[in-house]
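Chemist: I'd like to go over a predicted model; first the sequence, then the structure.
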Amino acid sequence: LSFGGGTLYGAQGVQALFRLPTAGPSQVIMPVLGNAVRLTAIDTDDTGGLWAGGSAGTPSRPEVPNLYRFDLAGRAVPTPFPGVVSDLRVFGGYVYVAAVRSEPTRQAKVWRLPIQGDGTLGAEEVVYDVDADTPGLRASALAIAADGTVFVGIAPSTSNPNQVVENPVVRVAPDGTAAPLYPGVLPSPVQAFAWGPGTELYMVRSRLVQGSGETARTIPAALFKIETRQQGAP
C-alpha cells in the first residue's frame, strides 16, 4: 500500500495497480503491460506520480522487468531494472529499491536510482549489500527517515521462508555505514514497514511454520511498533 495526494493505492502481485476509495470497490488505475508483469511494490512522489516494481516473465521464460512511473493520467514510463523487487521508496530525488537478481550471479541488495526529468531513472548505485553481510538472505522492506537513514527489513530467501533471521532490521546511515537495529531483540522475518507518527516505525512480521508434519506449529503474522528515535520521512 501507498498513500499520496489523499488517495490510497495498492498492489496485489498482479498486472495492475489499484485505487482504493473510501467507499465503493477498488479501481484499476494502470494499463495492461506486457512481459507478464507482476507488481508488488509501490510508492508516490511529490508530483503525484506513482512508482511501481515487481517481476516479469516466468521461471521457464524470464524477462527483464522494469520500474514504472505512472502519471496522473495513468500513463506508464518504464526504466529497465533486472531483478525481483520486494519494496521501493521515493526519497530526496531517488527511487530506493530492495531487490534480488539472479544473473550473472545472485545479488541481494538495496539500490537507488536518480529520478530524471523525463520520468525515467538514471544509473543505479548500491546503498546496502545484503549478501555481503548475511549471505543467502534478502532485503524485504524499506523505510527512510527524514535525515536519509534507510531502514532495511531482512528476510530469508523465498525457497526457505521459515528461516529465522538473527538481526532482521538493519539501519544504514546517510554516510553508508550499516548496523543492526536493536541486535537480537526484533522478531523475524520482516514483510513490510510503515511510518507512524513521529519516530514510530510499524513492522509486519511474516507468518512462520516451525517444525514439520504432525508436530508443525504455525506462528501467525503480527504487527509490531518500533521506537527508532528518528523522525520518519513524509
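Modeler: The structure has been received and is ready for your questions. Residues are numbered from 1 along each chain as shown.
Chemist: what about the closest residue to residue 207 other than its chain neighbours, neighbour count?
Modeler: Excluding the flanking residues, the one nearest residue 207 by C-beta to C-beta, 6 or more residues apart in numbering is residue 221, at 4.5 Å. C-beta coordinates here come from the backbone N, C-alpha and C atoms, glycine included. The tally of other residues near residue 221 (other C-beta atoms under 10 Å) stands at 11.
Chemist: got the contact list for residue 221?
Modeler: 191, 204-207 (C-beta atoms under 8 Å, 6 or more residues apart in numbering).
Chemist: the spatially most central residue of the chain: which element?
Modeler: Geometric centre of the chain, nearest residue: residue 87, 1.0 Å, by C-alpha atoms, centre = their mean. Using DSSP states H and E, residue 87 falls within strand 84-91.
Chemist: nearest to residue 121, of the contacts of residue 221?
Modeler: residue 191 (25.4 Å; C-beta to C-beta).
Chemist: got the contact list for that closest one?
Modeler: 140-141, 153, 155, 204-206, 221.
Chemist: what about this protein, any weak spots by pLDDT?
Modeler: Filtered on pLDDT under 70, the chain yields the residue ranges 5, 22-35, 58-62, 72.
Chemist: that one: helices as residue ranges?
Modeler: 130-133 (DSSP state H).
Chemist: report the buried residues of stretch 193-201.
Modeler: Under the neighbour-count criterion of 16 or more other C-beta atoms under 10 Å, stretch 193-201 has 193-195, 201 buried.
Chemist: let me have these in JSON lines, extended by distance to residue 225.
Modeler: Formatted as JSON lines, the buried residues of stretch 193-201 follow (distance: C-beta to C-beta, whole Å):
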{"residue": "193", "distance to residue 225": "11"}
{"residue": "194", "distance to residue 225": "10"}
{"residue": "195", "distance to residue 225": "11"}
{"residue": "201", "distance to residue 225": "8"}
